[in-house]
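Enquirer: using only what follows, build the 3D model:
(chains A and B)
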Amino acid sequence: MSSMKRIRANLVLTAVAALFLAAIPGASQQQPSKTAPTPKHDLTGLWHYESTGASEPIAPDNLIPPMTPWAKVRFDAERPGYGPRRTAGGNDPILQCDPIGFPRIMFLNTPFEFAQVNGRVIQFFEHEHEYRTIWVDGRPLPADADPTWYGYAIGHWEGDDTLVVESAGYNDKTWLGSTGYAHSKGMRITERYRRIDHDTILYDITIADPKAYTQPLVGPHRRMKLRPKDELIEEICVPSEEKSFAQRVADPATPKATK
Amino acid sequence: MRCSPIHVLGYLTAALALLMAAPAQASPQQTATKSTSSSVSKRDLTGVWQLQGGNGGAQPIAEDKDMPAMTPWAKVRFDAQKPGYGSRGAAGGNDPILQCDPIGFPRIMLMPTPNEIVQLPDRVLQFWEREHEWRSIWTDGRALPADPDPTWYGYAIGHWEADGTLVVESSGFIDKTWLGPTGYPHSEDMRIVERYRRVDQDTLSYDMTITDPKAYAKPVVTPHRTMKLKPNEEISEQPCVWSQENEFAQRIRNPATPKTTKQ
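Expert: The predicted structure follows:
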């Protein structure tokens, strides 16, 4: 299947799934498989969520902490295409192929890959053909990083199986997830990738952003599965294609209002 | 803090367009005459590299006079392309990167922004500051796929020659990209061979040959180029952001681009 077809298929799936978006992702209770030993300090490989199959919110609305007035103004200006506030003709920045940014890129139904080399863990995302470097060479986060879409990330290992990633230096133009939710340039993110068995990562994310939220935002537990035989494909958001697609399919298909 | 790299580049681009003096220097400023130093690690291209030449701007794939004859198929496309640079440069052009469509390979190699090479046991990774892009060059012995889905950055394999040269072969490219800022089309059949040779600790010599019989009567052989190591650099993030680019183009680039230019 060509990448464009795949994008279309994902969008259609997403639209369908959005209609049923009552489901909340959570850690399932499967026991770790005993098929192969779990490598130590090693997340190498291609991983994919056990997800609803849709583009997901950062967290269900009831887990989002109270917003500050600064964040509420931004939140009210957002018109997402998903979730309880969704409308046609929205202003989701990704509709014009602006970068989806971090952490929102983590919540798509597309795989990512970890590669480890020379003091860094590199994370490649199929969506937008993006990547970020997680420095694991002991450096601190820069004190005054230029804000970027994917931030600046450092990591360290806890025990044999957990990579803890801290990141900062984000611009404030991205949404936290498909249902909107703002963040500021002061956002700091802590992630934990815990490889609980050869084939499984447990993923937790906490966002601290006092300018936007009165308490840290704690994402639901998520679970990722190894896909040993897959290779990432190239799935770039192409403005010339996206524009014509939105006019032809996405806008007419989005329901006007939902409860 | 600094201002957005896109805007910095944009201003540079506009300034360059105004000057629009000679096309980019085709012959590299530094020729690879140095002998291979014994201290240079073989089969190690790791580092951040800066393409030389081009007076700080984007370089054409080759000078007009060095481009082989086009097929009728390619000529139709070439005539439809309205670049913002070179002898055909004009305002209100239709360069696909103006709307942030991917710049694609090999054009991304000709930008004045650095690239980084990282080596894994089974592949060489190449990262570009421009568009925050990357590709895998598989060095695990696999063949190029026989029938790949065409992509903007293609599918690449590589092997090492005895003198430490990394030879990269690639194919599977979408035909929507231009070969460089001055236009020039290619077809989906395009195959590219690149040679990266570390001539000394700080220098890569870089050569590219494009074979595309659907578009050109003979292979396009690019001018010999060099890249210099930037040992203490980290490449930054410079995506093309449509909302910013659009605003910038309307405000600065279009009014500033000369209607016609002569070389």
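Enquirer: C-alpha only now, for contacts and for neighbours.
Expert: OK.
Enquirer: quick check: closest non-adjacent residue to residue 158.
Expert: Just so you know, I chose chain A. Take residue A:158 and drop its neighbours on the chain: the residue closest to it by CA to CA, 6 or more residues apart in numbering or on different chains is residue A:164, 6.9 Å away.
Enquirer: actually it's chain B I care about, not the one you picked
Expert: Nearest one to residue B:158, counting by CA to CA, 6+ apart, is residue B:168 at 4.2 Å.
Enquirer: parallel or antiparallel, which strands does the one helix or strand the one you found maps to pair with?
Expert: Per DSSP states H and E: residue B:168 is located in strand B:166-171. Looking at strand B:166-171 with DSSP bridges, its partner strands are strand B:155-160 (antiparallel), strand B:191-200 (antiparallel).
Enquirer: in the shortest one, what counts as buried?
Expert: I take that to be strand B:155-160. Of all the residues in strand B:155-160, those buried under the rule 16 or more other CA atoms under 10 Å in any protein chain shown are B:155-160.
Enquirer: what's the neighbour count on whatever residue of the stretch 151-263 of chain B ends up closest to chain A?
Expert: Here the stretch 151-263 of chain B gets closest to chain A at one residue, residue B:241, 5.3 Å apart by CA to the nearest CA. Residue B:241: 18 surrounding residues under other CA atoms under 10 Å in any protein chain shown.
Enquirer: burial measure for the nearest residue to it once chain neighbours are set aside, as a count.
Expert: Nearest residue to residue B:241, sequence neighbours excluded (CA to CA, 6+ apart): residue A:98, at 5.3 Å. Close neighbours of residue A:98, defined as other CA under 10 Å, add up to 22.
Enquirer: is it true that residue A:70 lies in a helix?
Expert: Yes: in this structure, residue A:70 lies within a helix as judged by DSSP: H, G, I helix; E, B strand; the rest coil.
Enquirer: what's it in contact with, if anything?
Expert: By CA atoms under 8 Å, 6 or more residues apart in numbering or on different chains, the contact set of residue A:70 is A:211-212.
Enquirer: what's the pLDDT at it?
Expert: With respect to pLDDT, residue A:70 scores 98.
Enquirer: circling back to that earlier point, wait, isn't the residue nearest to residue A:158 in contact with residue A:136?
Expert: No: look at residue A:164 against residue A:136 with CA atoms under 8 Å: they stay out of range, at 9.8 Å.
Enquirer: what's the overlap in contacts for those two?
Expert: By CA under 8 Å, 6+ apart, the residues touching both residue A:164 and residue A:136 are A:155-156.
Enquirer: if we can go back for a sec, would the residue nearest to residue B:241 count as being in a strand?
Expert: No: Residue A:98: not assigned to a strand; according to three-state DSSP it is coil.
Enquirer: hang on, the earlier thing: for the residue nearest to residue A:158, give its distance to residue B:161.
Expert: Distance, residue A:164 to residue B:161, using CA to CA, to the nearest Å: 40 Å.
Enquirer: again with residue B:96
Expert: According to CA to CA, residue B:96 stands 36 Å off from residue B:161.
Enquirer: pick out whichever of the two has more residues nearby.
Expert: residue B:96 (18 against 12).
Enquirer: which residues touch that one?
Expert: Residue B:96 sits next to B:102-103, B:177 when contact means CA under 8 Å, 6+ apart.
Enquirer: who wins for most neighbours among these?
Expert: Most surrounded of the contacts of residue B:96: other CA under 10 Å gives residue B:103, at 26 neighbours.
Enquirer: helix, strand or coil for that residue?
Expert: The three-state label given to residue B:103 by three-state DSSP is coil.
Enquirer: give me the nearest residue to it, chain neighbours excluded.
Expert: Among residues not flanking residue B:103 along the chain, residue B:97 sits closest, at 5.8 Å (CA to CA, 6+ apart).
Enquirer: count of residues packed around that neighbour?
Expert: Neighbour count for residue B:97, taken as other CA under 10 Å: 17.
Enquirer: got the phi/psi numbers for it?
Expert: phi -70, psi -10 (degrees, to the nearest 10).
Enquirer: residue boundaries of the strands in the chain?
Expert: Assuming you mean chain A. A:45-49, A:112-117, A:120-125, A:130-135, A:152-158, A:162-168, A:188-197, A:200-208, A:217-218, A:222-226 (DSSP state E).
Enquirer: not quite, go with chain B.
Expert: Under DSSP E, chain B gives strands at B:47-51, B:115-120, B:123-128, B:133-138, B:155-160, B:166-171, B:191-200, B:203-211, B:220-221, B:225-229.
Enquirer: ok, back up a step: quick one: the residue nearest to residue B:241 from residue A:240, how far?
Expert: 13 Å.
Enquirer: pretty sure residue A:225 contacts residue A:49?
Expert: Yes: Residue A:225 lies in contact with residue A:49 (CA under 8 Å); the separation is 6.2 Å.
Enquirer: who has more neighbours out of the two?
Expert: Taking other CA under 10 Å, residue A:225 and residue A:49 do not tie; residue A:49 has more neighbours (23 against 19).
Enquirer: list the contacts of that one.
Expert: Applying CA under 8 Å, 6+ apart, the residues contacting residue A:49 are A:109-111, A:222-225.
Enquirer: ok, and of those residues, which contact chain B?
Expert: Residues of the contacts of residue A:49 in contact with chain B (CA under 8 Å from any CA of the partner chain): none.
Enquirer: now render those residues as TSV, adding pLDDT and distance to residue B:246.
Expert: Formatted as TSV, these follow (pLDDT from 0 to 100; distance: CA to CA, whole Å):
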residue	pLDDT	distance to residue B:246
A:109	87	29
A:110	90	28
A:111	94	31
A:222	92	37
A:223	93	39
A:224	94	38
A:225	95	40
